[in-house]
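Chemist: Here's a sequence, model it:
(2 chains)
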Amino acid sequence: DGGITQSPKYLFRKEGQNVTLSCEQNLNHDAMYWYRQDPGQGLRLIYYSQIVNDFQKGDIAEGYSVSREKKESFPLTVTSAQKNPTAFYLCASSLDRGRVGGYTFGSGTRLTVV
Amino acid sequence: SQQGEEDPQALSIQEGENATMNCSYKTSINNLQWYRQNSGRGLVHLILIRSNEREKHSGRLRVTLDTSKKSSSLLITASRAADTASYFCATDSVQGGSEKLVFGKGTKLTVNP
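Modeler: I've put the predicted structure just below:
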């Protein structure tokens, strides 16, 4: 089955610690995205990548970093510089930038600072 | 940057009734998409309507788009308890020089059996 896999499902981070969220897709999609969702809120774009080895900042990139070394993978690192990282993180991918079939989302990673 | 705004924020109906959710946006768009999110899960793409289309159907879903009013509506007919979820509109437009898909805050739909 084709799809997007996010791991882990739940992640706990201590103050001052960097953590990395995994996102893997086998849909052969060129574009991949990371969104953050806070309770009762919509999705806010953190980073996106339209091709391998290239990525762009979204609306709330501060405190986050990404890499796109392979087409299938787009990991997100939440650094210690992100002061309020507790949120639900969603990874998505799209063919043709979502103009035809929309975005395909993973099932999310819930990050909590302890 | 918030583009789409859904209305109402929450909607509670009985099974078998129709559910209508609205979305308003501010700038010109390439297309508008509707997504569904079950609690604690990822979003699922429901339907995409292009800026030159006025109405689109998919099963029990009907989407309309009025570009003059910068608004869209999602109608779910003959609702079922399994339709209980949050529904988001997302607008595909050029913002800040780059093309983006921007999501609203969603409408939380509860369908009571």
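Chemist: Neighbours of residue B:85, how many?
Modeler: Other residues near residue B:85 number 20, with proximity taken as other CB atoms under 10 Å in any protein chain shown. (C-beta placed from N, C-alpha, C; glycine too.)
Chemist: I should have written residue A:33 there, sorry.
Modeler: Neighbours of residue A:33 (other CB under 10 Å): 27.
Chemist: The one 10 residues further on now?
Modeler: Residue A:43 is flanked by 28 other residues according to other CB under 10 Å.
Chemist: Ok, residue A:25 next?
Modeler: Neighbours of residue A:25 using other CB under 10 Å come to 22.
Chemist: so what's residue B:109 up against?
Modeler: Shown in contact with residue B:109 (CB atoms under 8 Å, 6 or more residues apart in numbering or on different chains): B:10-13, B:19, B:21, B:76, B:79, B:83-87.
Chemist: swap that for residue A:62, sorry
Modeler: Residue A:62 touches A:81, A:82, counting by CB under 8 Å, 6+ apart.
Chemist: coming back round to it: from the contacts of residue B:109, which would you call buried?
Modeler: B:11, B:13, B:19, B:21, B:76, B:79, B:83, B:84, B:85, B:86, B:87 (16 or more other CB atoms under 10 Å in any protein chain shown).
Chemist: out of these, which touch chain A?
Modeler: With the criterion set as CB under 8 Å from any CB of the partner chain, no member of these is near chain A.
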